[in-house]
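Q: Predicted coordinates and the sequence they were generated for:
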Amino acid sequence: MSAGHHGPARTGSPAHPTGAHAGGPGAGARTPAGPAPSAAALRAALAGTPARRAATAGALVAATAAFLVWVPLFRHFFDIGVYYGTVDAWLHHGGHIYDYTRPGTHYGFTYPPFAALAMAPMALVPWPAAVAIGTALSAAASCLLVHWLLGGVVRRQAGPAWFAYTVIGCLFALLEPVNDTFSFGQVNLVLVALVYADHRLLATGRGRWAGVGTGLAAAVKLTPALFIGYLLVTGRRRQAATASATAAAATLLAAAAAPGASREFWTRALFDTGRVGRLSYVSNQSVQGTLARLAPTADTRTAWLLCAAAVLALWWVRARAAAAAGDDTAGFALTGLAACLVSPVTWVHHLVWALPALAVLLDTALRRRSRASLALCAVLHVLLSSDLVWLWSGGAGGPVAFAGSNAFVWVALGLLAGLPAGTRARAADGCLSGAPLSAGDAPR
């Protein structure tokens, strides 16, 4: 969550009152290798008449809008409210960044000081404009990510690109981490886009410029820092140095602008997980959250460190193998999964970092024309759109409750262990996978 606190209970709270719900490129020649039986229905729709495609797209958009209006809980832009209140108090009233709490709650700003500095322009505009700008940035980031991650899939389908992007965009909007990011006014999608901008540079042979986006993202929130580790693991020392230098420069700039706040964050607030929220809260879909729900009264720090080390070891092996096979898309996706798992707190909306793995899985399923893999994609999409974990938001004992309340953790672990990597020649069709690594980029 933007303020770093736990997600709101579905039944409402003073922090997040239950209220009204809200809903919210280009085409080119495509040469499909032959219709996949498992995708016959989609291909039939794509190959239909223009009138039928327009009617189908309109119905799909309407159904998606209806779902977003009536099903997910509207979060009242709570997180961007924390951002806005923090920078307003800091710049207009001489307040301290980490002293501000949103009125009526105990939630305040928990990001590094550079995040507050980057969000400072919000203090120049009224609240409705701040919400509109934040929403527009997330929408733009979503469009970029969909195009970068699934552009190759779109180009391989029969029919116009606009229709395929409409279908994918609607499916993307249904995902709980995505619509929660918009509803809270979160920055997650923008940060994912910054990291994948570096991926894009690597994939298109402009890797000398890569690292800046990752460094900026890591200066705003700490979770993306693992992508600097990925650059190191895969032998991109120059890009890793660029990312590290960018993050350090941003951090020093914030220290110059707000020395007291910087000192407080890096010496105290960073280590105070109580400011973030209850680790055992069901929205915390990390390994630490799982352990906290398993033993709510026990000190699970040692167990978490051991589990996190095991997750990172698995990530290291799988990321190196993916990069060595020239499959940077899978490597980046695996890094996002690992970052979600090892972070002490991964609220449901943070799981946008795990969504590129679904794109990899879908791409592979369509390439292999695998009914089983496409069925798995459908199951995972329904699961990640279902609000399933919130059935246990009040806490419950027993194996079923433990399995259900940690559903997204099991999904992330399964994808980290089993995500296909190195089996797709995406560079040939222009999809964002990255060309095979050069000798200088190969993992060492």
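A: Cool, got the structure. Numbering: from 1, shown residues only.
Q: so where's this protein shaky on pLDDT?
A: Applying pLDDT under 70 to the chain flags residues 1-48, 273-274, 396, 423-444.
Q: Which helix runs longest in it?
A: The longest helix of the chain (DSSP state H) is helix 127-156.
Q: which parts of stretch 379-389 are buried?
A: 380, 381, 383, 384, 385, 387, 389 (16 or more other C-beta atoms under 10 Å). All C-beta atoms are positioned from the backbone trio N, CA, C, and that covers glycine.
Q: In contact with the residue positioned nearest the centre of the chain, which residues?
A: When C-alpha atoms, centre = their mean is applied to the chain, the residue found nearest the centroid is residue 352 (2.1 Å). Neighbouring residues of residue 352 by C-beta atoms under 8 Å, 6 or more residues apart in numbering: 177, 178, 181, 188, 189, 192.
Q: and the second one, what element?
A: Read that as residue 178. Using DSSP states H and E, residue 178 falls within helix 176-184.
Q: Could you point out the helix or strand that follows that helix?
A: Scanning forward in sequence from helix 176-184 by DSSP H and E, the next helix or strand is helix 188-203.
Q: what helices or strands is that next one leaning on?
A: helix 127-156, helix 176-184, helix 212-220, helix 237-257, helix 328-342, helix 355-368 (3 or more C-beta pairs under 8 Å, 6 or more residues apart in numbering; DSSP states H and E).
Q: Using PDB, list the CA coordinates for that helix.
A: Backbone C-alpha positions of helix 188-203 (Å, rounded to 0.1, in the frame of the first residue of the first chain) are rendered in PDB as follows:
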ATOM      1  CA  ASN A 188       2.800  -0.100  -8.300                       C
ATOM      2  CA  LEU A 189       2.100  -0.200 -12.000                       C
ATOM      3  CA  VAL A 190       4.200   2.900 -12.700                       C
ATOM      4  CA  LEU A 191       7.200   1.300 -10.900                       C
ATOM      5  CA  VAL A 192       6.700  -2.000 -12.800                       C
ATOM      6  CA  ALA A 193       6.700   0.000 -16.100                       C
ATOM      7  CA  LEU A 194      10.000   1.700 -15.000                       C
ATOM      8  CA  VAL A 195      11.700  -1.700 -14.500                       C
ATOM      9  CA  TYR A 196      10.300  -3.100 -17.700                       C
ATOM     10  CA  ALA A 197      11.500   0.000 -19.600                       C
ATOM     11  CA  ASP A 198      15.000  -1.300 -18.800                       C
ATOM     12  CA  HIS A 199      13.900  -4.700 -20.000                       C
ATOM     13  CA  ARG A 200      12.800  -3.100 -23.200                       C
ATOM     14  CA  LEU A 201      16.100  -1.500 -23.700                       C
ATOM     15  CA  LEU A 202      17.900  -4.800 -23.100                       C
ATOM     16  CA  ALA A 203      15.500  -6.500 -25.500                       C
END
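Q: Buried residues in that helix, which are they?
A: Neighbour count says helix 188-203 has 188-203 buried, by 16+ other C-beta under 10 Å.
Q: gap between it and the chain center?
A: 11 Å (C-alpha atoms, centre = their mean, to the nearest Å).
Q: between that helix and helix 237-257, how many degrees?
A: Helix 188-203 and helix 237-257 are oriented at 140 degrees to each other (axes from the mean of the first three to the mean of the last three C-alpha atoms, to 10 degrees).
Q: Helix 188-203 to helix 127-156, inter-axis angle?
A: Using the same axes, to 10 degrees: helix 188-203 against helix 127-156 is 40 degrees.
Q: list the buried ones in stretch 135-142?
A: Neighbour counts over stretch 135-142 (16+ other C-beta under 10 Å) mark 135, 138, 141, 142 as buried.
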